[in-house]
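Colleague: any chance you can model this:
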Amino acid sequence: MAASKNSARLLAGLLLTAGVAHFAKPRQFDATVPRSLPGSPRTWTYASGVAELAVGAAVAAPRTRRLGALAAAALFTAVFPANVKMAYDWRHRPAPQRAAVVARLPLQAPLILWALRVHRAEQPR
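Modeller: From the prediction side, this is the model:
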């Protein structure tokens with residue numbers, strides 16, 4: 001059981017750190033917002049930062065961990081199109097930058113699976 005609690009804490013920490021980063025360095029996140037979304041990219045950056053903070057807090061709290069982990073899996077799924085857009089937009093950048101953004105794409109699957117494992121590890125309340 002300790003391993004699952006540590007896994008949940010690490011997942012919460014990842015989400016909370018990412019959420020804070022949306023406010024600390026919003027410009028890098030603005031660039032990933034698909035142009036097809038209405039409104040300004042900064043609004044979407046802040047909204048997704050709030051979502052990551054809320055989901056991270058839910059995963060961190062034992063009472064809401066199960067639901068929070070399920071929300072984390074949904075969030076990781078929802079941001080995948082932004083990662084695809086970034087990889088497309090960066091297709092003409094230097095090779096190391098292209099490689100970094102393309103390498104992010106297959107990392108979404110383990111993040112989703114991780115969140116689902118945390119969800120399953122928690123007993124229904």
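Colleague: neighbours around Val33, how many?
Modeller: As a burial measure, Val33 scores 20 neighbours (other Cβ atoms under 10 Å). In this view, the C-beta of every residue, glycine as well, is placed from N, C-alpha and C.
Colleague: so how far is Leu107 from it?
Modeller: 19 Å (Cβ to Cβ, to the nearest Å).
Colleague: ok, His92 next?
Modeller: 22 Å.
Colleague: next up, phi/psi of the most centrally placed residue in the chain, please.
Modeller: Nearest to the mean C-alpha position of the chain, counting by Cα atoms, centre = their mean, stands Phe76 at 4.8 Å. When read as degrees, to the nearest 10, the backbone of Phe76 gives phi -60, psi -30.
Colleague: per-residue pLDDT, it?
Modeller: Among the per-residue scores, Phe76 shows a pLDDT of 95.
Colleague: next one: the one 10 residues further on
Modeller: According to the per-residue confidence, Met86 scores 84 in pLDDT.
Colleague: and Ser48, what element?
Modeller: In the assignment (DSSP states H and E), Ser48 maps to helix 41-60.
Colleague: ok, Lys5 next?
Modeller: Short version, using DSSP H and E: Lys5 is in helix 2-24.
Colleague: which residues are contacting that helix?
Modeller: Contact with helix 2-24 is made by 29, 45-46, 48-57, 59-60, 65, 68-69, 72, 75, 114-115, 117-118, 121-122, as judged by Cβ atoms under 8 Å, 6 or more residues apart in numbering.
Colleague: ok now it, how far from the chain's centre?
Modeller: Distance of helix 2-24 from the chain centroid (Cα atoms, centre = their mean, to the nearest Å) equals 10 Å.
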